[in-house]
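Undergrad: compute the structure for the input listed below.
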Amino acid sequence: MATRGRPCKSEVTCDNKQKIIDTTIELIKTHGADYLTVRNVCQAAEVATGTFYHYYKNKDDLLMYFIKDISFDKCELQTPISDISGRICELYMNLIGRYMELGKDFMRNFYTTSNQALSAYMGVTDGQFAEGTVMERCERELLFAQESGIIDKNADAHILSADICTIVKGCVFEWCLNDGEMEIERMLGRIIGNYLSCYQL
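TA: So this is what the prediction gives:
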């Protein structure tokens, strides 16, 4: 049973962080992201709240783990820059693929309007995407495509990236509505391709 207060040395040194993550995945799959509270996670994981706060500031900080699990700075893309829509689709499928590995129940319950961590990650602060996010990498890819003469240089790469993020969220939501019974990669590639075709030279 979970206890209050600071964690003892043995609690911190053992792999309670992974236990918290695994428990969170199961709780999201079973009850949805709205069910998550620090108390519920600690009770289900059988760890002290002090142990939880040793690793995470709060619930949103814990949920950020699932968003920041992939480093998009180091993500190597195989699709050539000449196929910019395919390259952007590949970029986002790295993120979506990670979620799909966690299961459709996880995805369906993670992509909700009440998930403040997701909203913060996929948002804009002071007119910029956070460093290392998929949107920031997408914007860099679009800027490179502009420098390579593939996309119109008059287009605003930041706005294009924000629009693509909205498209992706819509595709994920549609995938969830269809209980995972649709080819999300094909749909994503088609819609992004149609969108970017207006700006390609």
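Undergrad: would you map out the domains in this protein?
TA: 9-67, 84-197 (automatic domain parsing).
Undergrad: so where's this protein uncertain?
TA: Scanning the chain for pLDDT under 70 picks out 1-14, 69.
Undergrad: tell me which residues of the longest helix along the chain come out buried.
TA: Assignment by DSSP state H gives helix 157-177 as the longest helix of the chain. Neighbour counts over helix 157-177 (16 or more other CB atoms under 10 Å) mark 157-158, 160-162, 164-165, 167-168, 171-172, 175-176 as buried. Using the backbone N, CA and C atoms, a C-beta is placed for each residue, glycine as well.
Undergrad: got it, and stretch 177-196?
TA: So for stretch 177-196, counting by 16+ other CB under 10 Å, buried means 184-185, 187-189, 191-193, 195-196.
Undergrad: and of the residues you listed, the nearest to residue 121?
TA: Using CB to CB, residue 188 comes nearest to residue 121 of these, at 18.5 Å.
Undergrad: wait, the closest one touches residue 92, no?
TA: Yes - counting by CB atoms under 8 Å, residue 188 sits close enough to residue 92 to count as a contact (6.6 Å).
Undergrad: touching both of these two, which residues are there?
TA: Listed as contacting both residue 188 and residue 92 by CB atoms under 8 Å, 6 or more residues apart in numbering are residue 168.
Undergrad: which residue is nearest the centroid of this protein?
TA: Nearest to the mean C-alpha position of the chain, by CA atoms, centre = their mean, lies residue 67 at 3.7 Å.
Undergrad: check which helices and strands the longest helix of the chain sits against.
TA: Contacts defined by 3 or more CB pairs under 8 Å, 6 or more residues apart in numbering; DSSP states H and E place helix 157-177 against helix 84-101, helix 104-110, helix 134-147, helix 184-197.
Undergrad: alpha carbons of it, as PDB, please.
TA: C-alpha atoms of helix 157-177 as PDB (Å, rounded to 0.1, in the frame of the first residue of the first chain):
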ATOM      1  CA  ALA A 157       7.200  27.300 -42.300                       C
ATOM      2  CA  HIS A 158       6.100  27.900 -38.700                       C
ATOM      3  CA  ILE A 159       2.400  28.100 -39.800                       C
ATOM      4  CA  LEU A 160       2.800  25.100 -42.100                       C
ATOM      5  CA  SER A 161       4.200  23.100 -39.200                       C
ATOM      6  CA  ALA A 162       1.400  24.200 -36.900                       C
ATOM      7  CA  ASP A 163      -1.200  23.200 -39.500                       C
ATOM      8  CA  ILE A 164       0.400  19.800 -40.000                       C
ATOM      9  CA  CYS A 165       0.300  19.200 -36.300                       C
ATOM     10  CA  THR A 166      -3.400  19.900 -36.400                       C
ATOM     11  CA  ILE A 167      -3.800  17.500 -39.300                       C
ATOM     12  CA  VAL A 168      -2.000  14.800 -37.300                       C
ATOM     13  CA  LYS A 169      -4.100  15.300 -34.200                       C
ATOM     14  CA  GLY A 170      -7.200  15.000 -36.400                       C
ATOM     15  CA  CYS A 171      -6.000  11.800 -38.000                       C
ATOM     16  CA  VAL A 172      -5.100  10.300 -34.600                       C
ATOM     17  CA  PHE A 173      -8.600  11.300 -33.300                       C
ATOM     18  CA  GLU A 174     -10.200   9.700 -36.300                       C
ATOM     19  CA  TRP A 175      -8.100   6.500 -35.800                       C
ATOM     20  CA  CYS A 176      -9.300   6.400 -32.200                       C
ATOM     21  CA  LEU A 177     -13.000   6.900 -33.200                       C
END
